[in-house]
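Novice: The following block contains a protein sequence and its predicted model.
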Amino acid sequence: MTRKDTTDFLRYSFAGFGFWLIKYFTLHTFYSVLYTSAFCLLLKKSVPLCRNLNDLHIHYTKNIMKLATLNTNTRDGQLLIVSKDLSTATLAQSASTMQGALDNWEVVSPKLQAEYDALNAGETKDSFAFDEIGCTSPLPRAPQWLDGSAYVNHVELVRKARNAEMPPSFWVDPLMYQGGSDTFLDPHEPIQFETTDWGIDMEAETAIILDDVPMGTKADKALNYVRLIMLVNDVSLRGLIPQELGKGFGFVQSKPSSAFSPVAVTPDELGENWKDGKVCLPIWVDLNDKPLGRANAGIDMTFSFAQLIEHAAKTRDLGTGTIIGSGTISNKGLDGGPGKPISDGGLGYSCLAEERMVETILTGSPKTPFMQFGDNVKIYMKDENGNSIFGMIDQDVIQYEPAN
């Protein structure tokens, strides 16, 4: 081979190699873009659109936790990690308060999850016996408290008891009011009023705590923003409600401070019992240690929490820590009519007003009195194995003595 042949060989070899490199990287870039585009399209179809990359964490990371707030005689208390069986607890290291954890959920929740896992594995050195009596409501105060009326059966009974027709819109457009959220009662704190003439009543409900929810969020995306689930006693003064509603401007005096369960749990903690934006378990209500209600929160819930969120966010953003209640849990009777007392084989009632309404419908007048001084109400929920999930709301009714 001559020098010229060698030169030509090398020149064509390098040219061929260069062409191959260009072809390789061109195709590589093309397929990378293609695969990336396909992945993004799939992601867009399968995951609700996110406002930022951190939101992707919402959809793929499971959080299985139970949290509570220790009463430290401060406004917001101290965040606790509580074991699954509610037997032990430890001070949270990743956040000092419940609101602080919610405000930084994407960063803090994996750390809280690790603390929860360690507590349940018996690997936490500073754990102690959990005493729910020493707890405040999970959020002792909140940016916002919105209470719905998702069980239209309850609303229908109210109107039927006074021979009033229920507007058809009530079946498609949720009722909701904004209650006071600056001072919630502790779950074991007494219910105090000056007189029983105001018609003191309990309302057993489920409730959710939200992350930031953008205005206009639709129901199919809404559950992505649910962080925690609780029980609530929405204390109501039935004797004051007609006068307030008659003014056409909503509740204030007739809806005093509510109390929430000692423990709040993540939706994933409930497993299959959190389905389609509903807690699918009975809520237990005892009055003076006698069963009053065992209605199932997942049955006859006309509006799911997803729909309640959409309703609340129609014209505004909802800030982190917003609480939404389900309204009084109410089940129809097996025959489709009003529910029956537990003593008659029914599921009972989650408030005394509903029992009185059924009595009025059936007999013409109510017989059951509202709560009196010295009465006690307990509200709780059990899993399939009979274990308490949220702890217990346990409140005595006592007379309030105004300071001179």
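Specialist: Yes, it's here. Residues are numbered from 1 along each chain as shown.

Novice: List the pairing partners of the host helix or strand of residue 378 within its sheet, with orientation.
Specialist: Residue 378 is part of strand 376-381 when elements are defined by DSSP states H and E. Strand 376-381 has these partner strands in its sheet, going by DSSP bridges: strand 283-287 (antiparallel), strand 393-399 (antiparallel).

Novice: In a markdown table, list the ones you listed along with mean neighbour count.
Specialist: To be clear about C-beta, it is placed using only N, CA and C from the backbone, and glycine gets the same treatment. Shown next, in a markdown table, are these (neighbours: other Cβ atoms under 10 Å):
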| stretch | mean neighbour count |
| --- | --- |
| strand 283-287 | 22 |
| strand 393-399 | 19 |
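
Novice: would CSV of those strands with mean pLDDT and distance to residue 246 be doable?
Specialist: Listed next are the strands paired with strand 376-381 as CSV, based on pLDDT from 0 to 100; distance: least, Cβ to Cβ, whole Å:
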stretch, mean pLDDT, distance to residue 246
strand 283-287, 98, 29
strand 393-399, 98, 26
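
Novice: Residue 190 is nearest to which of those?
Specialist: Nearest to residue 190, of all the strands paired with strand 376-381, is strand 393-399, at 4.7 Å by Cβ to Cβ.

Novice: Which element is encountered next along the chain beyond the least confident helix or strand in the chain by mean pLDDT?
Specialist: Here the helix or strand of the chain ranked lowest by mean pLDDT, DSSP states H and E is helix 56-60, holding a mean of 42. Later in the chain than helix 56-60, the nearest helix or strand by DSSP H and E is strand 66-70.

Novice: Report all helices and strands that that following strand contacts.
Specialist: Contacts defined by 3 or more Cβ pairs under 8 Å, 6 or more residues apart in numbering; DSSP states H and E place strand 66-70 against strand 78-82, helix 98-103, strand 263-265.

Novice: JSON lines for these, including mean pLDDT?
Specialist: Below are the helices and strands packed on strand 66-70 laid out as JSON lines (pLDDT from 0 to 100):
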{"stretch": "strand 78-82", "mean pLDDT": "98"}
{"stretch": "helix 98-103", "mean pLDDT": "98"}
{"stretch": "strand 263-265", "mean pLDDT": "98"}
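
Novice: coming back round to it: turn the strands paired with strand 376-381 into JSON lines, columns for distance to residue 174.
Specialist: Output for these, formatted as JSON lines (distance: least, Cβ to Cβ, whole Å):
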{"stretch": "strand 283-287", "distance to residue 174": "19"}
{"stretch": "strand 393-399", "distance to residue 174": "24"}
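
Novice: do you know which of these lies nearest residue 173?
Specialist: strand 283-287 (24.8 Å).

Novice: right, and the helix or strand after the closest one?
Specialist: strand 290-293.

Novice: buried set for that next one?
Specialist: For strand 290-293, a neighbour-count test (16 or more other Cβ atoms under 10 Å) marks 292, 293 as buried.

Novice: Which of the helices and strands packed on strand 66-70 sits closest to residue 180?
Specialist: helix 98-103 (16.9 Å).

Novice: Give the next helix or strand downstream of the closest one.
Specialist: helix 105-120.

Novice: Which strands and helices lie in contact with that following helix?
Specialist: Secondary elements touching helix 105-120 (3+ Cβ pairs under 8 Å, 6+ apart): strand 78-82, strand 88-91, helix 98-103.

Novice: Now do the following helix or strand past it, average pLDDT.
Specialist: Counting by DSSP H and E, the element after helix 105-120 in chain order, helix or strand, is strand 128-129. On average, the pLDDT along strand 128-129 is 98.

Novice: So residue 156: helix, strand or coil?
Specialist: helix (DSSP: H, G, I helix; E, B strand; the rest coil).

Novice: all strands of the stretch 201-350 of the chain, in order?
Specialist: With DSSP state E, counting those that start in this stretch, the ranges of strands along the stretch 201-350 of the chain come out as 204-210, 226-233, 236-237, 259-260, 263-265, 274-275, 278-279, 283-287, 290-293, 323-325.

Novice: Return the list of helices and strands in contact with the longest one.
Specialist: Put plainly, it is strand 226-233. By 3+ Cβ pairs under 8 Å, 6+ apart, strand 226-233 packs against strand 204-210, strand 259-260, strand 263-265, helix 267-270, strand 376-381, strand 393-399.

Novice: any idea which of the ones you listed is most buried?
Specialist: Sort those by mean neighbour count, taking mean count of other Cβ atoms under 10 Å, and strand 259-260 sits at the top with a mean of 30.

Novice: Distance to residue 79 for the helices and strands packed on strand 226-233 - can I get that in CSV?
Specialist: CSV is the format used below for those (distance: least, Cβ to Cβ, whole Å):
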stretch, distance to residue 79
strand 204-210, 13
strand 259-260, 15
strand 263-265, 11
helix 267-270, 16
strand 376-381, 22
strand 393-399, 20
